[in-house]
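> Generate a structure from the sequence data that follows.
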Amino acid sequence: MRKFIIILSVVFASILVKGQENKFSIGIEGTIDFYNYFFKQTSGEQFKALPGYNAGYRFQYNINEKLSLHFGILYSMKEYKKDYIYFIISGFPPRTTKLKSYYLNIPFSIGYRVFSRGKLSIYPSVGMISGIFDESKEMTLFYGYRDEEPSDYLNQNLSKFLLSAQLDLGFEYMFLKRLFITIAPYFNYGINKMDNAIMNSNSISYGGMLSINYKFMKKNAL
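Numbering: from 1, shown residues only. Okay, the predicted model is just below:
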């Protein structure tokens, strides 16, 4: 997985170096996701989705003054917990199992600038996100009457590949000649389920993205 990330980063960076004036930018991006999963009802068990996080590189190519392409490489953590509901017996409290799964996300979207004044620009964008499961990471942890321990039984049905559609509204502020910040609230709909065994429906999530970006410019444009 690490080699794959490095190769993709080198490819994207090589493209950027050869880019035309004011066309390309690269940035560091972080996002937070709030999920709305519909879990299957089971006796004595209760599931709850927890916030997820993403971090990585963001790339942007401006086709013209209005239209732009956005793509990236993000390492993603998705999480939910499972509470066992039963009566407390002689010092053994109810137990919770938390599942953390890790994916390599590759987002791609098309944005259209609808507003631009001074250093501020606003552009909505629509696109897709592909997620590749990282099997090298431990995902499940026990909590409760004993210390944290790894476990495998909850990750039997995790999807190895995730696909989702996303709509966001980006606010871009150019605070220096080459540097700009982007903030984008978004809505995301999962095309497939993360866990087929316990989920009744595909994921619906919302959240926010923050990135700091560097715009490549030719020397005669400075």
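
> mind checking how far the spatially most central residue of the chain is from Ile122?
Centroid-nearest residue in the chain: Asn54, 4.3 Å away (criterion: Cα atoms, centre = their mean). Distance of Asn54 to Ile122, given as Cβ to Cβ, to the nearest Å: 22 Å. C-beta: built from backbone N, CA, C; applies to glycine.

> give me the beta-bridge partners of the residue nearest to the centre of the chain?
For Asn54, the beta-bridge partners are Thr31, Ser76 (DSSP bridges).

> Could you pull up the residues touching it?
By Cβ atoms under 8 Å, 6 or more residues apart in numbering, the contact set of Asn54 is Glu29, Gly30, Thr31, Ile32, Asp33, Leu74, Tyr75, Ser76, Met77, Asn105.

> helix, strand or coil for Leu176?
Here Leu176 is recorded as coil under DSSP: H, G, I helix; E, B strand; the rest coil.

> ok, how many other residues are close to it?
Leu176: 10 surrounding residues under other Cβ atoms under 10 Å.

> likewise Val114?
11.

> Could you verify my assumption that it touches Leu169?
No - with contacts defined as Cβ atoms under 8 Å, Val114 does not count as touching Leu169, sitting 9.3 Å away.

> Mind listing the shared neighbours of those two?
Common contact partners of Val114 and Leu169 (Cβ under 8 Å, 6+ apart): Ile122, Tyr123, Pro124.

> Give me the ChimeraX select line for those, limited to the buried ones.
Selecting only the buried entries of these in ChimeraX, with 16 or more other Cβ atoms under 10 Å as the criterion:
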select :123,124
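
> Sticking with the nearest residue in space to Leu120 that is not next to it in sequence, tell me its helix or strand.
Closest residue to Leu120 apart from its sequence neighbours, by Cβ to Cβ, 6 or more residues apart in numbering: Tyr173 at 5.5 Å. Using DSSP states H and E, Tyr173 falls within strand 161-174.

> ditto for Asn188
strand 179-190.

> Who are the packing partners of the next helix-or-strand element following that strand?
Once the chain leaves strand 179-190, the next helix or strand it forms, by DSSP H and E, is strand 204-215. Using 3 or more Cβ pairs under 8 Å, 6 or more residues apart in numbering; DSSP states H and E as the contact test, the elements touching strand 204-215 are strand 24-36, strand 45-62, strand 179-190.

> export those to CSV and tack on mean pLDDT and distance to Ile132?
Shown next, in CSV, are the helices and strands packed on strand 204-215 (pLDDT from 0 to 100; distance: least, Cβ to Cβ, whole Å):
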stretch, mean pLDDT, distance to Ile132
strand 24-36, 93, 17
strand 45-62, 90, 13
strand 179-190, 96, 15
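
> Quick check, pLDDT for Asn157.
We have a pLDDT of 73 for Asn157.

> any idea how far it lies from Gly208?
30 Å.

> Tyr186 now?
Plainly put, Tyr186 is 7 Å away from Gly208 if you go by Cβ to Cβ.

> where are the low-confidence patches of this structure?
For the chain, the stretches flagged by pLDDT under 70 are 1-22, 85-95, 138-156, 218-222.
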